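In: Next one to model:
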Amino acid sequence: MNEAQFIRQTVKEKAAEITGISQGLWEYGEPGYQEEKSAELIKNVLKAENFQVESGLAGIPTAFRGRFGAGKPVIGILAEFDALPDLSQKAGVAQRCPIPGKQFGHGCGHNALGAGAVGAAIAAKEYLKANSLPGTIELYGCPAEESGFGKVFMVRAHCFDHLDMAFSWHPGDKNSSMSERTLAYYQIRFDFLGISSHAGAAPELGRSALDACELMNVGVNYLREHVISSAKIHYAYLDSGGGAPNIVPAHSSLLYFIRAPKLTQCKEILERIKKIAEGAALMTETTVSIHLLGGLNDTIPNPTASKVLSDAFLEMGPPEFGEPEFQIGREFLDAMPGEQRERVIRSGAERNKISREAFAKAPLDTVIQPFALKMRNGMLTFSTDVGDVSYCVPVGQLMAAVGIPETGLHTWQFTAQAGSSIGDQAALAAAKAMGLACVHVYENPKLADQAKKELLEETGGMYLCPVPDEVQPPK
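Out: Predicted coordinates:
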């Protein structure tokens, strides 16, 4: 039995266990730093599979590591399992149908992500054991990816420093090497404090914190013309000063996200936004407190790690969708507006090299787009804390289809498909690909040496932590 056959057979034997994790995580649907049941589910599986489990990494109760084996290479698999607010949705249902009593849902497919990661670690473990090879496999439970930058705290605590390579994957609407760069970002809170007063009887005595927020937003809007074109600035009101118009609001707060290709660029923009906030406070005779909450670095796609994982994905094949999955896909396709539906059929048929009629009957991607060096010059417009791991360890990632094309992440449609057998099949495909990638590195440790050389050439050994020292993970 060759390497690919061994991994394929192992994942087949463990399929019920892997898909059980996916379904369990989906049912729990817990928010970042509160994934107690989700973490326990995975840890219990790891313990049953004879991994040594260490909890509370970086001072985070839901961060953990499961380790098997001894010696080098040491390979890490990154698992995520946090859900998103306001995305509760029944699995496989193509109409909006929240689950009564549930707020959170896996609108990014982290249930499948976590399950596929655990499956890969189990498959690699079985190969090490069966072949008595030197090497260590480590499964990392990484909480709060969506908004809490859990991996950044883990990087700051040096959890990954000893790894020779790391693999992860992400659910999406296609099967491909996930080798583009992502944006860095900072997350900052601006709290304005003014003076309350009766807005009708004594407005001259009041100093409006809400006015300060409004003026700040206007100033930032003018700034947008004068930052690099690849930067993005987002904001939301955390506190709008209350609901009574006849009271001058004495407090108001904003949350800003600043994205750019590099964290140093985010920092430059942040310094300019701070001046705007201070100017708004000066104009309104209020005060402003500025709190840098944290952020993320950009992702560095490692050439060797990316190619190893992409080659393994191609060898193991895409998710094994059948009629049950295609039936779900057709229902979501038919629920799309007519123009979008036709566009999805047209582009899906072209990508899968089949007729439009054939794709309309089976509207899920069943081909894999391989890694190419030119992909590293591409830029994805979202951010992920995998980026911070990629500064200290060579990282390879893949994407596997968990929904029909143009199913946006962070939507109830994605939640519904991730909780169906579509998500289960994607998790199994990712487990096989990452498991085989680990085996290739164990059998050829020079791949890890080459990957680490590439990473050092890229970063010069430099890493800027986006989370201030005084900011600690929530308990």
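
In: for the stretch 251-400 of the chain, what spans make up the strands?
Out: Per DSSP state E, counting those that start in this stretch, the stretch 251-400 of the chain carries strands over the ranges 251-260, 287-296, 368-369, 395-401.

In: Pick the most buried one from those strands.
Out: strand 395-401 (a mean of 28; mean count of other Cβ atoms under 10 Å). For every residue, glycine as well, the C-beta is placed using N, CA and C.

In: and after that one, which helix or strand comes next?
Out: helix 412-418 (DSSP states H and E).

In: Alpha carbons only: can I get that next one in PDB?
Out: In PDB, the C-alpha atoms belonging to helix 412-418 read as follows (Å, rounded to 0.1, in the frame of the first residue of the first chain):
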ATOM      1  CA  TRP A 412     -26.700  32.100   6.300                       C
ATOM      2  CA  GLN A 413     -26.500  30.300   2.900                       C
ATOM      3  CA  PHE A 414     -22.900  29.300   3.800                       C
ATOM      4  CA  THR A 415     -24.000  28.200   7.300                       C
ATOM      5  CA  ALA A 416     -26.700  26.000   5.800                       C
ATOM      6  CA  GLN A 417     -24.400  24.300   3.300                       C
ATOM      7  CA  ALA A 418     -21.500  23.900   5.700                       C
END
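
In: what angle separates the helix or strand following it from strand 395-401?
Out: The helix or strand immediately downstream of helix 412-418 is helix 421-443, counting by DSSP H and E. With axes from the mean of the first three to the mean of the last three Cα atoms, to 10 degrees defining the directions, helix 421-443 sits at 150 degrees from strand 395-401.

In: Of all the residues in helix 421-443, which ones are buried?
Out: Judged by neighbour count using 16 or more other Cβ atoms under 10 Å, the buried positions of helix 421-443 are 421-442.

In: ok now do the closest residue to P468 other than its chain neighbours, which residues does it touch?
Out: Nearest residue to P468, sequence neighbours excluded (Cβ to Cβ, 6 or more residues apart in numbering): L292, at 5.6 Å. By Cβ atoms under 8 Å, 6 or more residues apart in numbering, L292 lies in contact with 186-188, 270, 468, 471.

In: Which members of the residues you listed are the farthest-apart pair?
Out: L270 and V471 (15.0 Å; Cβ to Cβ).

In: residue ranges for the strands of the stretch 51-200 of the chain, please.
Out: Along the stretch 51-200 of the chain, counting by DSSP E, counting those that start in this stretch, strands occupy 52-55, 64-70, 74-80, 135-142, 165-172, 175-177, 184-193, 197-198.

In: Just put those in TSV and tack on mean pLDDT and distance to S230.
Out: Output for these, formatted as TSV (pLDDT from 0 to 100; distance: least, Cβ to Cβ, whole Å):
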stretch	mean pLDDT	distance to S230
strand 52-55	98	39
strand 64-70	98	35
strand 74-80	98	26
strand 135-142	98	27
strand 165-172	98	21
strand 175-177	96	22
strand 184-193	97	11
strand 197-198	96	44
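
In: backbone phi and psi for K446, please?
Out: Dihedral pair for K446: phi -60, psi -20, per degrees, to the nearest 10.

In: Is there a neighbour count for it? I'd like the number.
Out: The number of residues packed around K446, counting by other Cβ atoms under 10 Å, is 10.

In: how close does it sit to I60?
Out: 35 Å (Cβ to Cβ, to the nearest Å).

In: same thing with P31?
Out: For P31, the distance to I60 equals 14 Å [Cβ to Cβ].

In: More neighbours: these two, which one.
Out: When P31 and I60 are compared for neighbours, I60 comes out ahead with 26 against 17, by other Cβ under 10 Å.

In: Low-confidence bits of the stretch 251-400 of the chain, can you list those?
Out: For the stretch 251-400 of the chain, no stretch has pLDDT under 70.

In: show me where it has helices.
Out: Secondary structure of the stretch 251-400 of the chain by DSSP state H, counting those that start in this stretch: the helices cover 263-284, 303-316, 323-334, 338-352, 356-361, 386-390.

In: between the second one and strand 165-172, how big is the angle?
Out: Put plainly, it is helix 303-316. Using the same axes, to 10 degrees: helix 303-316 against strand 165-172 is 60 degrees.

In: elements contacting helix 303-316?
Out: On a contact count with 3 or more Cβ pairs under 8 Å, 6 or more residues apart in numbering; DSSP states H and E, helix 303-316 meets helix 3-13, strand 165-172, strand 175-177, strand 395-401, helix 421-443, helix 446-459.

In: Adding distance to E225, write these out as JSON lines.
Out: Shown next, in JSON lines, are those (distance: least, Cβ to Cβ, whole Å):
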{"stretch": "helix 3-13", "distance to E225": "52"}
{"stretch": "strand 165-172", "distance to E225": "33"}
{"stretch": "strand 175-177", "distance to E225": "35"}
{"stretch": "strand 395-401", "distance to E225": "34"}
{"stretch": "helix 421-443", "distance to E225": "41"}
{"stretch": "helix 446-459", "distance to E225": "32"}
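
In: looking at these, which is closest to G219?
Out: helix 446-459 (34.5 Å).

In: which other residues reach the closest one?
Out: With Cβ under 8 Å, 6+ apart, helix 446-459 has contacts from 72-73, 164-165, 300, 302-305, 308, 390-391, 393-394, 440-441.

In: re the thing from before, just say which of the helices of the stretch 251-400 of the chain is most tucked in.
Out: Per residue and on average, the most neighbours among the helices of the stretch 251-400 of the chain fall to helix 386-390, with a mean of 27 (mean count of other Cβ under 10 Å).

In: roughly how far is it from the heart of the chain?
Out: Relative to the centre of its chain, helix 386-390 is centred 11 Å away, using Cα atoms, centre = their mean, to the nearest Å.

In: Same check on stretch 291-304?
Out: The answer for stretch 291-304 is 11 Å, by Cα atoms, centre = their mean.

In: same question, stretch 443-452
Out: 26 Å.

In: What are the buried residues along it?
Out: If you call a residue buried by 16+ other Cβ under 10 Å, then stretch 443-452 has these buried ones: 445, 447-448, 450-452.

In: circling back: do you know which of the helices of the stretch 251-400 of the chain lies nearest I368?
Out: Here helix 303-316 is closest among those (Cβ to Cβ), at 5.5 Å.

In: The residue lying closest to F332 once chain neighbours are set aside and A362, how far apart?
Out: Distance criterion Cβ to Cβ, 6+ apart; nearest residue to F332, sequence neighbours excluded, is A94 at 4.7 Å. Look at A94 and A362: by Cβ to Cβ, they are 16 Å apart.

In: ok so, going back, any chance of the contacts of L292 in CSV, plus distance to A83?
Out: Formatted as CSV, those follow (distance: Cβ to Cβ, whole Å):
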residue, distance to A83
Y186, 24
Q187, 19
I188, 25
L270, 29
P468, 27
V471, 23
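
In: count of neighbours near the residue nearest to Q34 when sequence neighbours are not counted?
Out: Leaving aside its chain neighbours, Q34 sits nearest to T62 (7.5 Å; criterion: Cβ to Cβ, 6+ apart). Look at T62: counted by other Cβ under 10 Å, it has 27 neighbours.

In: What values do phi and psi take at T62?
Out: Dihedral angles phi and psi of T62 (degrees, to the nearest 10) take the values phi -100, psi 10.

In: isn't it right up against Y33?
Out: Yes - using Cβ atoms under 8 Å, T62 is in contact with Y33, at 6.4 Å.

In: Need the overlap of contacts for these two.
Out: Taking Cβ under 8 Å, 6+ apart as the contact rule, T62 and Y33 both touch 143-144.
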